[in-house]
Every structure is written in structure tokens, then in C-alpha cells.
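> Below are the sequence and a predicted model for it; my questions follow.
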Amino acid sequence: MEAKRTYTIKVNRSKRTYTIRVYECGNLINKYRSNTQSKSDFMEFWTESDIIAFLKYSNDYYLIK
């Protein structure tokens, strides 16, 4: 059986950063924070596929946990 991964994102508008949490079977496995985004790049609304693409194709974040 393949473990189900879910993603949540919290937006910090004042710092223009995102905190992304990755859960597997309901347990937190990784936590990432984006670097500060420019005003033009900063988005408040993300889909799960947006989060996965950001983690896969961008180097604009770092591991917290």
C-alpha cells in the first residue's frame, strides 16, 4: 500500500514567505520555508500541484525540520 502524502501551506504576507508542511499518513515528515519572494512573484493561493511543482523545480526554499 502506498502512503498518502498531503501538503499544507501557510502564507506570511508581511515577510512574503511560505511554510510548507508535508504529511504522510497524518504524520509530519518535512517542513520547508521559502526564501522571501518579490512582490510580483508572491502568490497567496496555491493548489497542491503548485506546491509539488515548487518543491520539485525550485531551489527557493530550505528545510526547517
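Yes, it's here.

> rest of the way, CA atoms for contacts and neighbours
Will do.

> Quickly list what the residue positioned nearest the centre of the chain is bridged to.
By Cα atoms, centre = their mean, the mean C-alpha position of the chain lies nearest to Ile20, the distance being 2.9 Å. Taking DSSP bridges as the rule, Ile20 bridges to Ile9, Tyr32.

> and what of Tyr61?
With DSSP bridges as the rule, Tyr61 is bridged to Ser34.

> pretty sure it is touching Asn35, no?
Yes. Judged on Cα atoms under 8 Å, Tyr61 makes contact with Asn35 at a distance of 5.4 Å.

> Show the contacting residues for the residue nearest to the centre of the chain.
7-10, 31-33, 51 (Cα atoms under 8 Å, 6 or more residues apart in numbering).

> Report the buried members of the residues you listed.
7, 9, 31-33, 51 (16 or more other Cα atoms under 10 Å).

> May I see those organised as CSV, with distance to Phe42 and pLDDT added?
Listed next are these as CSV, based on distance: Cα to Cα, whole Å; pLDDT from 0 to 100:
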residue, distance to Phe42, pLDDT
Tyr7, 19, 94
Ile9, 13, 93
Lys31, 19, 97
Tyr32, 16, 97
Arg33, 14, 97
Ile51, 13, 91
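
> Check which helix or strand Tyr23 maps to.
strand 17-24 (DSSP states H and E).

> Sorry, slip of the keys, the one I care about is Asn30.
Going by DSSP H and E, Asn30 is in strand 27-34.

> what's that strand in contact with?
For strand 27-34, contacts defined as Cα under 8 Å, 6+ apart pick out 17-23, 60-65.

> Out of those residues, which comes closest to Asp41?
Thr17 (10.6 Å; Cα to Cα).

> how close does the closest one get to Ala3?
28 Å (Cα to Cα, to the nearest Å).

> Neighbour count for these two, which is higher?
Thr17 (20 against 9; other Cα atoms under 10 Å).

> list the contacts for that one?
Contacts of Thr17 by Cα under 8 Å, 6+ apart are 11, 33-37, 42.

> Using PyMOL, define a selection of the buried residues within these.
Those of those that count as buried under 16+ other Cα under 10 Å are selected in PyMOL with:
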select buried, resi 11+33+34+36
